[in-house]
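Enquirer: The amino acid sequence is not available; the structure is as follows:
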């Protein structure tokens, strides 16, 4: 059942890892003796290709469970038997999909699903399994920590990366080859997205995770994907036989493959890099960057071949190409729709030229030009709608049963935590109710809401063992008591760390925490080529393997401090480790204490005509040069105070980026590179690119439509707009595109209400009122009126505005006199803010 080629590959990979796996190798080799020949091959395959961090975080038996389950599927399940070997090991066997916590979940999913699809064809089973997924999980905006598939099942909600990881697990558990597909950043709106591809009859086909349709190769994201610059998938091995997929290269332990041309119009692009003498710069790194969230995001980084070239297939938008090799660097913009090649000349430049002047950019997004036309029939749509309604009913009923009102009533302040916990309700309750220790509530509320889904009471108990002393309450709660440091998995690291170090070493660390970094530098290594930088080792894992990424080592520094009762954190802007002493946080650098004196800092004051218009990661960012790239600082929680914002920064070279997204997805952007010297006070004025009203607004005559309010009273569109412009929104509550719109409304509610903007929300049924996100948006927005569309007028108004009526939500800027000013259909992150800008402009006209 296993080829000689796979045996050879697995053995070579495993033996090549022997030194890196040394801390756990004795256990691995002993347990391999108890495995069958086939199990040995697949275990070596996993250990030889997984991020090394995983070998320290998880035990041998966990991976063996994946191997045993995969071999059972290969032997007993017809569609799994037929898979090519490379597809089987990469897309059925493999345990890791994204950056999720690995748990022993495949047998559970198999038991849940296999009986349901018995007797079905592969095509039928794929569609049916996605309905099963929808019955158990749906979309929810949340942070970037990827919850495990079991956590998704037990909590019922997650972002797209978690939905797709969940669905891929469901497919792999029954022997269907599946993978997560990803656009690192969209070109037309500020976000990214992940979905699923399944392998059928020798080809890959796509679907929306937990968003079932009656046919494959369709979904609400088909249009956005048609406008993508790059869509890729990733493997943890290069055991790949013949494939027509474009190989993008290796980054860490991952191998990337380009699948953009399956979704939209593309062009094969050649980028040539030379040195100053005109010779090919073989081995230079070439980054393809997309302007998104007001930063240049590296969507792909490739290595130049012997001729100094890379070739890749990209969507027809604008990119920034950055080449670098040591301190030699070059960069340029590229308009792919008009160009198919670019030549860069590397020049020695330790620090970018800081000319302190604004440089403007006009960034074009790819246009939507569908390349495939898969459309469900009317009957299929009706069947899908009925099944989705039933899936929602089943999902809500299951999680309603998890909530114990009597137990939750004892802790009313934790009601939202209990609701978010889902099937983890009892873990939360067990921790809270064990005794009267007041730190229990403090610890629980120091965590992210998301942690309620998968926290373990036993882990939290480990972190209660600390003393507040004279620490301020907020510092104690957030920076000493709290188990979470960044986005790592929660582990009982305090007891482990206290038992790991000698008493004298621990006293030394407490006296001078800088010595912790000295220890890390001497004892912890990092092998970037064997890791996946999105996941980070836990403090326990780093100490076990004596390996960890720079970020994992910073997390370990904080963990050691907190374990020894020293308050510590990662700086929220720079993610550098800091410890708290004498009323202030002190930063640390490698071998010696570096207490940042005020005179060493610089102050940058940003001025703007309207500070409220400047939102970090939307209209502006600032990055600091780190020797290779401008690293974006995190000022997401920082807002202008009226017209000014003062930032205290370290001396260095910085780049400001501003971006104004246009309704068609294009961007008017500018950047400015400047230096800050120690003690300098500098001011910069941020000015948005102004566009004439006629460039932004359309003037389309709309048909008269009639909506009904919730009391059954009729209202015409003319009635709704008699007092001025309104946002007419036909919503699809519960679906990811509408969830984005509602979350955007919540985010900008203060500004929306200050402008007294009006919204007419059109629901499909009164049942939509029960949607949690809609309820939050309704509470946040003052001037929101609610309607139903019994006459189904949405298609008529959508047709007039040139948008697809079936892609909810439909957002129409309706002006007095039945005039349409602008419209969006479906997924367009940032559309609410754009509509508010246009409403303001229209009101002035």
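Expert: Structure's in. What do you need? As the structure is a prediction and not an experimental result, all values here were calculated from the model. Numbers count the residues shown, from 1 in each chain.
Enquirer: after the lengthiest helix in the chain comes which helix or strand?
Expert: Of all segments of type helix in the chain, defined using DSSP state H, the longest is helix 378-400. For helix 378-400, the following helix or strand on the C-terminal side (DSSP states H and E) is helix 405-409.
Enquirer: Show me the helices in the stretch 151-300 of the chain, by range?
Expert: Here the stretch 151-300 of the chain has its helices, by DSSP state H, counting those that start in this stretch, at 160-173, 222-226.
Enquirer: and residue 810, how many residues sit next to it?
Expert: Neighbour count of residue 810, defined by other CB atoms under 10 Å: 25. Glycine gets a C-beta too; all of them are placed from N, C-alpha and C.
Enquirer: Repeat that for residue 421.
Expert: 26.
Enquirer: surely it meets residue 452?
Expert: Yes. Taking contacts as CB atoms under 8 Å, residue 421 lies within contact range of residue 452: 4.2 Å.
Enquirer: intersection of neighbour lists for these two?
Expert: The contact sets of residue 421 and residue 452 overlap at residue 428 (CB atoms under 8 Å, 6 or more residues apart in numbering).
Enquirer: if I pick the nearest residue to residue 151 once chain neighbours are set aside, what's in contact with it?
Expert: Nearest non-adjacent residue to residue 151, counting by CB to CB, 6 or more residues apart in numbering: residue 454, 4.3 Å away. Residues in contact with residue 454 (CB under 8 Å, 6+ apart) are 101, 147, 148, 151, 154, 155, 424.
Enquirer: How confident was the prediction at the residue nearest to the fifth one when sequence neighbours are not counted?
Expert: It stands for residue 154. Leaving aside its chain neighbours, residue 154 sits nearest to residue 423 (3.9 Å; criterion: CB to CB, 6+ apart). Residue 423 carries a pLDDT value of 98.
Enquirer: ok but residue 423 is inside a strand, no?
Expert: No. Going by DSSP: H, G, I helix; E, B strand; the rest coil, the assignment for residue 423 is helix, not a strand.
Enquirer: Any regions of the protein where pLDDT drops low?
Expert: Low-confidence segments of the chain (pLDDT under 70): 589-599, 689-695, 845.
Enquirer: Nearest to the spatial middle of it, which residue is it?
Expert: Nearest to the geometric centre of the chain sits residue 144, at 4.8 Å (CA atoms, centre = their mean).
Enquirer: which residue packs closest to that residue, ignoring adjacent ones?
Expert: Nearest residue to residue 144, sequence neighbours excluded (CB to CB, 6+ apart): residue 487, at 6.3 Å.
Enquirer: Which secondary structure state is assigned to the one you found?
Expert: From three-state DSSP, the assignment for residue 487 is coil.
Enquirer: Report how many residues lie close to it.
Expert: 17.
Enquirer: do the same with residue 206
Expert: By other CB under 10 Å, 21 other residues sit near residue 206.
Enquirer: beta partners for it?
Expert: Beta bridges link residue 206 to residue 197 when assigned by DSSP bridges.
Enquirer: do you know how far it is from residue 243?
Expert: 17 Å (CB to CB, to the nearest Å).
Enquirer: what does residue 127 give?
Expert: Using CB to CB, residue 127 is found at 26 Å from residue 243.
Enquirer: Ok, residue 372 next?
Expert: The value you get for residue 372 to residue 243, if CB to CB is used, is 20 Å.
Enquirer: Sheet partners, orientation included, of the helix or strand residue 675 falls within?
Expert: Element membership for residue 675, per DSSP H and E: strand 667-676. The strands beside strand 667-676 in its sheet (DSSP bridges) come out as strand 359-363 (antiparallel), strand 652-661 (antiparallel).
Enquirer: any idea which of those strands is most buried?
Expert: strand 652-661 (a mean of 22; mean count of other CB atoms under 10 Å).
Enquirer: how distant is that one from the center of its chain?
Expert: On the basis of CA atoms, centre = their mean, to the nearest Å, strand 652-661 is displaced by 22 Å from the centre of the chain it belongs to.
Enquirer: Just the residues contacting that strand, thanks.
Expert: Under CB under 8 Å, 6+ apart, the answer for strand 652-661 is 189-190, 291, 294-296, 351-352, 354, 363, 604, 618-625, 630, 667-676, 684, 686-689, 830, 834.
Enquirer: Quick check: next helix or strand after the strand holding residue 675?
Expert: That would be, after strand 667-676 and using DSSP H and E, strand 681-686.
Enquirer: list the helices and strands that next one packs on?
Expert: Counting contacts by 3 or more CB pairs under 8 Å, 6 or more residues apart in numbering; DSSP states H and E, strand 681-686 packs against strand 602-608, strand 652-661, strand 667-676.
Enquirer: if we go to 10 Å?
Expert: The helices and strands touching strand 681-686, judged by 3 or more CB pairs under 10 Å, 6 or more residues apart in numbering; DSSP states H and E, are strand 602-608, strand 644-649, strand 652-661, strand 667-676.
Enquirer: If you count contacts, what does the first one end up packed against?
Expert: Applying 3+ CB pairs under 10 Å, 6+ apart, one finds that strand 602-608 contacts strand 620-625, strand 644-649, strand 652-661, strand 667-676, strand 681-686.
Enquirer: Can you give me the buried ones in it?
Expert: Going by neighbour count (16 or more other CB atoms under 10 Å), the buried part of strand 602-608 is 602, 604, 606, 608.
Enquirer: Same question for the second one.
Expert: Neighbour-count burial for strand 644-649 flags 645, 647, 649 (criterion: 16+ other CB under 10 Å).
Enquirer: by how many degrees do that strand and strand 652-661 diverge?
Expert: 140 degrees (axes from the mean of the first three to the mean of the last three CA atoms, to 10 degrees).
Enquirer: and for strand 644-649, what are the contacting residues?
Expert: Residues outside strand 644-649 that contact it (CB atoms under 10 Å, 6 or more residues apart in numbering): 573-574, 596, 598, 601-608, 611, 614, 616, 620, 622, 624, 633, 635, 638-640, 654, 676, 680-683, 686.
Enquirer: What is the neighbour count of residue 586?
Expert: Neighbour tally, residue 586, other CB under 10 Å: 17.
Enquirer: Am I right that it is in contact with residue 578?
Expert: Yes. Under the criterion of CB atoms under 10 Å, residue 586 makes contact with residue 578 at 6.1 Å.
Enquirer: next one: stretch 805-823 to chain centre, how far?
Expert: So, by CA atoms, centre = their mean, the centroid of stretch 805-823 is 30 Å from its chain's centroid.
Enquirer: cool, and stretch 125-139?
Expert: For stretch 125-139, the distance to the chain centre is 21 Å (CA atoms, centre = their mean).
Enquirer: Stretch 245-253 now?
Expert: Its chain's average C-alpha position is 20 Å from that of stretch 245-253, according to CA atoms, centre = their mean.
Enquirer: can you check stretch 653-670 too?
Expert: Here the centre of stretch 653-670 is set off from its chain's centre by 21 Å, with CA atoms, centre = their mean.
Enquirer: Next: stretch 613-629.
Expert: 18 Å.
Enquirer: Over to stretch 632-649?
Expert: Taking mean C-alpha positions (CA atoms, centre = their mean), stretch 632-649 and its chain are 23 Å apart.
Enquirer: Could you work out the end-to-end span of it for me?
Expert: End-to-end distance for stretch 632-649, by CA to CA, to the nearest Å: 13 Å.
Enquirer: Apart from its neighbours in sequence, what residue is nearest residue 226?
Expert: Nearest non-adjacent residue to residue 226, counting by CB to CB, 6+ apart: residue 264, 4.1 Å away.
Enquirer: ok, that neighbour to residue 79 distance?
Expert: Residue 264 is 29 Å from residue 79, by CB to CB.
Enquirer: Looking at the two, which one has more neighbours?
Expert: Ranked by neighbour count (other CB under 10 Å), residue 264 and residue 79 place residue 264 first, with 25 against 17.
Enquirer: The more buried one contacts residue 336, doesn't it?
Expert: No. With contact defined as CB under 10 Å, residue 264 does not count as touching residue 336 (11.7 Å).
Enquirer: Overlap in contacts, those two.
Expert: With CB under 10 Å, 6+ apart, residue 264 and residue 336 have common neighbours 229, 315, 316, 317, 366.
Enquirer: Fine, thanks again, bye for now.
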